[in-house]
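Q: build me a model:
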Amino acid sequence: MFTGTLHPYQREGVDRILSDRNILVAYSMGTGKTIMTIAALEEMLGRGEIHCSVILVPSALKWQWAQAIAAFTDAPDRTVRARGLNLTVPAEDVCVVVDGPPAKRRRQWEQAQHTDYIIASYGAVLHDWKYLCAVWADALILDEATAIKNFAAKTTKRIKKLKPPVRIGLTGTPVENRPEEVFSIMEWVNEKILGRWDHFDRSFINRNWFGGVLSYKNLGLLHRNLARAMIRKSRLDPEVAKYLPAVTETTHTVQLDKTTRAIYKAILGDLQAAMEELAETGQELDIAAYYAGIRPETGFGAQGRVMARMQAARLLLDHPQLLMDSAVAYHETKAEGSEYAAQFAAGRTDLPDLHHAPKLAALDDLVATMVGEGAKVAIFTDYRKLLPYLAERMEKHGEPVLFHGKLTSGEKAAALAKFKTDPDCPVFLSTNAGGYGLDLPEAQYLINFDLPYSNGLLAQRNTRHVRASSQFDHVHVVNLVVEDSIEERAQATLRLRQSLSQAVVDGCGAGSLDMDVESLAEHIENAG
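A: Coordinates of the predicted model:
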């Protein structure tokens, strides 16, 4: 039985889940999608309408979900140890968390046949597929349902084969960059809502002669269609805002020193040459692929060379050592490093002092002030290899914790718990692995050391501390942006993508998405 307390706007969401059963819950981050889902599932369990629910989540959230079920239901609980910390979760005959090596996971799936809840990561769709298919589940919940936004992904194709009577998708950002993403999600939630792909394509997308996307159209109609199987509440809605802290977002500009600026311009010169080469081939730059995080070195021909140079510029702006690390990694393994970075570094004798990083110095000053006020700070970056450099600099302010995708789920739970409970741990350093689903109500400040190229990811990051459980009436987001650089341009592009997302999901504003090559070329020309 559910034992928590729901706000009125959350009760509305629970009622809609119970009536629709196949629904996308698109409440903004921090508004309580987890607690709403648990309340709805407990009600269906109590009525005997369902007997077992499978909850698929990003790996970092498995134990967080288990802790929430223990906290908001009357299920018997138990204590588990994770990296020396105690976590309270439901008893194993109520909830199984699939975690560990293959043999252990196999035993857990076998045990899970008779439990109310099975919590597993999306990795289970690939690695434990036969066990997942063998579970007789009445309900499937996809937390951070953007995991199935890409049509071609193997995880997406397999999940769309799983269609139990109750299907609930949870995400505050159903459109991260393009409306095609929400079409893919709705194919699983309720395929009748948006119809066939060819009809969707003709109705909402303008394409050029080569099939590339020029812009989107009829976004108001798309929003109305989505609303038939989507419930949406924004943190800005009056009935929601009064339960959340106010947010102030600012941009802190950073100036490059003369030497680093010269290196940056050299990379832009190479980028301009690569773009001219791309233009000569008659191809268009696939900016969407870059936004999606595809590694530059996996690109083909001139397009790959453009993306590699864009990536090198970003590395330099974050920390010159990252660019050198990429060059060294290429020479050592060729698997992780960049060929362009290796070639560029070999041909330069004027590389800046690797210990001099303007953005890192600016971060140091900001954190000193914040921690001096007694605040806790969450810092996000795109690059896992940057974390040790950040940690070394942040140690003077207290013991930081690192959070990234290479940690086990237990290590992630322990890192999160330490930040929450240890007063001597004021800084949480995270890659985008911490951008989805984590609750950081202890943080009063969130700093984007660099900006992702995905609007959805940025929206997720920026609300980690904007929670109903926040300890503060007012919280802050600070974006570190290098002046007169591609970072300023990326920030402007993110605002356009935000407008597009709002038009589709919230039914307000207007948005169109161009290939965005002209502004890149203009920046290169001006910087040179």
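Q: can you pull the pLDDT of residue 516?
A: With respect to pLDDT, residue 516 scores 49.
Q: return the helix or strand in this protein with minimum mean pLDDT.
A: Ranking every helix and strand in the chain by mean pLDDT, DSSP states H and E puts helix 287-291 at the bottom, with a mean of 50.
Q: list the buried residues in whichever helix or strand comes after that helix.
A: Note on helix 287-291: by DSSP states H and E, the next helix or strand toward the C-terminus is helix 301-318. Buried residues in helix 301-318, counted by 16 or more other CB atoms under 10 Å: 302-318. To be clear about C-beta, it is placed using only N, CA and C from the backbone, and glycine gets the same treatment.
Q: what packs against helix 301-318?
A: The helices and strands touching helix 301-318, judged by 3 or more CB pairs under 8 Å, 6 or more residues apart in numbering; DSSP states H and E, are helix 258-280, helix 287-291, helix 320-332, helix 339-346, helix 486-505.
Q: could you redo the last one with a cut-off of 6 Å?
A: Using 3 or more CB pairs under 6 Å, 6 or more residues apart in numbering; DSSP states H and E, the elements in contact with helix 301-318 are helix 258-280, helix 320-332, helix 339-346.
Q: which residues of the stretch 401-528 of the chain fall in helices?
A: 409-421, 455-461, 486-505, 517-527 (DSSP state H, counting those that start in this stretch).
Q: does residue 168 really touch residue 140, like I thought?
A: No: contact criterion CB atoms under 6 Å: residue 168 and residue 140 do not qualify, at 7.6 Å.
Q: look at the two and report which has more neighbours.
A: In this view residue 168 and residue 140 are compared by other CB atoms under 10 Å, and residue 168 has more residues nearby, 25 against 22.
Q: ok, that one - contacts?
A: Counting by CB atoms under 6 Å, 6 or more residues apart in numbering, residue 168 touches residue 141.
Q: just the CA trace of the helix or strand hosting it, in CSV.
A: Element membership for residue 168, per DSSP H and E: strand 166-170. Output in CSV follows, covering the C-alpha atoms of strand 166-170 (Å, rounded to 0.1, in the frame of the first residue of the first chain):
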residue,chain,number,x,y,z
VAL,A,166,0.3,-1.4,-18.6
ARG,A,167,3.0,0.7,-20.3
ILE,A,168,4.3,3.8,-18.6
GLY,A,169,7.0,6.0,-20.0
LEU,A,170,8.6,8.6,-17.7
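Q: next, the buried residues of stretch 35-46.
A: Residues 35-45 are the ones in stretch 35-46 that count as buried (16+ other CB under 10 Å).
Q: so which of the residues you listed belong to helices?
A: Among the buried residues of stretch 35-46, the ones falling in helices (DSSP state H) are 35-45.
Q: can you put these in JSON lines and add pLDDT and distance to residue 203?
A: Output for those, formatted as JSON lines (pLDDT from 0 to 100; distance: CB to CB, whole Å):
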{"residue": "35", "pLDDT": "95", "distance to residue 203": "36"}
{"residue": "36", "pLDDT": "96", "distance to residue 203": "31"}
{"residue": "37", "pLDDT": "97", "distance to residue 203": "31"}
{"residue": "38", "pLDDT": "97", "distance to residue 203": "36"}
{"residue": "39", "pLDDT": "97", "distance to residue 203": "36"}
{"residue": "40", "pLDDT": "97", "distance to residue 203": "32"}
{"residue": "41", "pLDDT": "97", "distance to residue 203": "35"}
{"residue": "42", "pLDDT": "96", "distance to residue 203": "39"}
{"residue": "43", "pLDDT": "96", "distance to residue 203": "37"}
{"residue": "44", "pLDDT": "97", "distance to residue 203": "35"}
{"residue": "45", "pLDDT": "95", "distance to residue 203": "39"}
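Q: would you mind giving the residues you listed as CSV with distance to residue 482 added?
A: Shown next, in CSV, are these (distance: CB to CB, whole Å):
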residue, distance to residue 482
35, 40
36, 40
37, 40
38, 43
39, 45
40, 45
41, 46
42, 49
43, 51
44, 51
45, 52
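Q: and which of these is nearest residue 392?
A: Closest to residue 392 out of these is residue 35 (38.1 Å), distances taken as CB to CB.
Q: so who does the closest one touch?
A: The contact partners of residue 35, by CB under 6 Å, 6+ apart, come to 4, 72.
Q: ditto for residue 254
A: Residue 254 makes contact with 358-359, 362, 482 under the criterion CB under 6 Å, 6+ apart.
Q: and with 7 Å instead?
A: Applying CB atoms under 7 Å, 6 or more residues apart in numbering to residue 254 gives the contacts 358-359, 362, 480-483.
Q: from those residues, which land in strands?
A: Counting by DSSP state E, these place 480-482 in strands.
Q: mean confidence score for stretch 473-482?
A: The average pLDDT for stretch 473-482 rounds to 95.
Q: run the chain-centre distance for that stretch.
A: Relative to its parent chain, stretch 473-482 has a centroid offset of 17 Å by CA atoms, centre = their mean, to the nearest Å.
Q: alpha carbons of it, in PDB - could you do that?
A: What follows is stretch 473-482, C-alpha atoms only, in PDB (Å, rounded to 0.1, in the frame of the first residue of the first chain):
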ATOM      1  CA  ASP A 473      13.800  28.300  -1.400                       C
ATOM      2  CA  HIS A 474      16.200  29.400  -4.100                       C
ATOM      3  CA  VAL A 475      18.800  27.500  -6.100                       C
ATOM      4  CA  HIS A 476      21.200  28.500  -8.800                       C
ATOM      5  CA  VAL A 477      22.500  27.200 -12.200                       C
ATOM      6  CA  VAL A 478      25.800  28.700 -13.500                       C
ATOM      7  CA  ASN A 479      27.000  28.100 -17.000                       C
ATOM      8  CA  LEU A 480      30.800  28.500 -17.600                       C
ATOM      9  CA  VAL A 481      31.200  29.700 -21.200                       C
ATOM     10  CA  VAL A 482      34.400  30.800 -22.900                       C
END
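Q: low-confidence ranges, the stretch 401-528 of the chain, go.
A: Applying pLDDT under 70 to the stretch 401-528 of the chain flags the ranges 434-435, 437, 509-528.
Q: can you pull the pLDDT of the residue lying closest to residue 150 once chain neighbours are set aside?
A: Leaving out its chain neighbours, the residue that sits closest to residue 150 by CB to CB, 6 or more residues apart in numbering is residue 156, at 5.8 Å. Residue 156 is assigned a pLDDT of 94 by the prediction.
Q: got a list of what residue 156 touches?
A: Counting by CB under 7 Å, 6+ apart, the residues that residue 156 touches are 148, 150, 184.
Q: any idea which residue sits dead centre in the protein?
A: When CA atoms, centre = their mean is applied to the chain, the residue found nearest the centroid is residue 457 (3.9 Å).
Q: tally of neighbours for the residue nearest to residue 338 when sequence neighbours are not counted?
A: Nearest non-adjacent residue to residue 338, counting by CB to CB, 6+ apart: residue 326, 4.5 Å away. Counted with other CB under 10 Å, the neighbours of residue 326 add up to 25.
Q: next up, the contacts around residue 326.
A: Residue 326 is in contact with 315, 337-338, 341, counting by CB under 7 Å, 6+ apart.
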